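Engineer: Would you be able to build a 3D model of this:
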Amino acid sequence: SLDGTTVKTLQRLPVHGGQTLTIQRIVGRRFVYVAVSGGVTSPPVLGGRRTYLPAALGGVEGRGLMTGDRIPTGQTQSGGEKRIRGIPDYVAPNFTANEIRVIPVIESFEQLTERNYTVSTASDRMGYRLEADRSLEGIGASITSEPVCAGAIQLPPNGEPIVLMADSPTVGGYRILGTVIASDMPILAQSLPGRSLKFVSISVATAQEELRRRELWLSQRFATEWLGS
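Structural biologist: Now for the predicted structure:
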């Protein structure tokens, strides 16, 4: 709400000095995003301005925000309402979907798709741990460390998968079952503990086409072209 007046999500609105934007609570998802015209201009660390709490880097002194903190922002942009033209059809992520699409890596990937999973409370920005209705036996094992990326599904010896998330390491020593496609990572990221999920297989070509459509849509949706009303 802005000064007590309810505002909708996915809405651009002017906010003036002295006004108060209030976010009371998040319902049904993990994260809420607020974009500021001009962007945040805190000193960049390793090419980014976000806060990485485990290493106390970036943002405001590398910590979470506290009452009284002031966040520097860039020059506010102005102009007429943006009109979107020539945008290809694109379906935004279905945050209520229970199926997550994965590019399989190993032959026994079918064992992953045959089971139902629940997001564990032991999940964070490094990785989401999944509790299965049946353990994945005979697949999980420690291996020689190899490169990993966000979306990779690791399987420790206990048989309960871990999906690496935004703060994932760069190398890992668990067997990799597959990789969640980029277009479905937002759905997984917003999943609260206790949510039921199921994995389905998808081809590399289809995953790439999904990503191209999303990137094209985003680039045109937030283009810098501003037209008068």
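
Engineer: for the residue nearest the centre of the chain, helix, strand, or coil?
Structural biologist: Note on the chain: the residue nearest the mean C-alpha position is Pro186, at 4.0 Å, using C-alpha atoms, centre = their mean. Applying DSSP: H, G, I helix; E, B strand; the rest coil to Pro186 yields a three-state assignment of helix.

Engineer: tally of neighbours for the residue nearest to it when sequence neighbours are not counted?
Structural biologist: Take Pro186 and drop its neighbours on the chain: the residue closest to it by C-beta to C-beta, 6 or more residues apart in numbering is Pro93, 4.7 Å away. C-beta here means a position set from N, CA and C on the backbone, and glycine is covered the same way. Each residue near Pro93 was counted by other C-beta atoms under 10 Å, and the total is 15.

Engineer: Tell me where the protein has strands.
Structural biologist: Assigned by DSSP state E, the chain shows strands spanning 99-104, 117-119, 127-132, 142-147, 152-155, 162-164, 171-180, 196-201.

Engineer: Backbone dihedrals for Ala35, please?
Structural biologist: Geometry field for Ala35 lists phi and psi as phi -100, psi 140, criterion degrees, to the nearest 10.

Engineer: From Ile187, how far out is it?
Structural biologist: From Ala35 across to Ile187, the span is 20 Å (C-beta to C-beta, to the nearest Å).

Engineer: Neighbour count: the two, which is higher?
Structural biologist: Neighbours of Ala35 and Ile187, each counted by other C-beta under 10 Å, are more numerous for Ile187; the result is 19 against 8.
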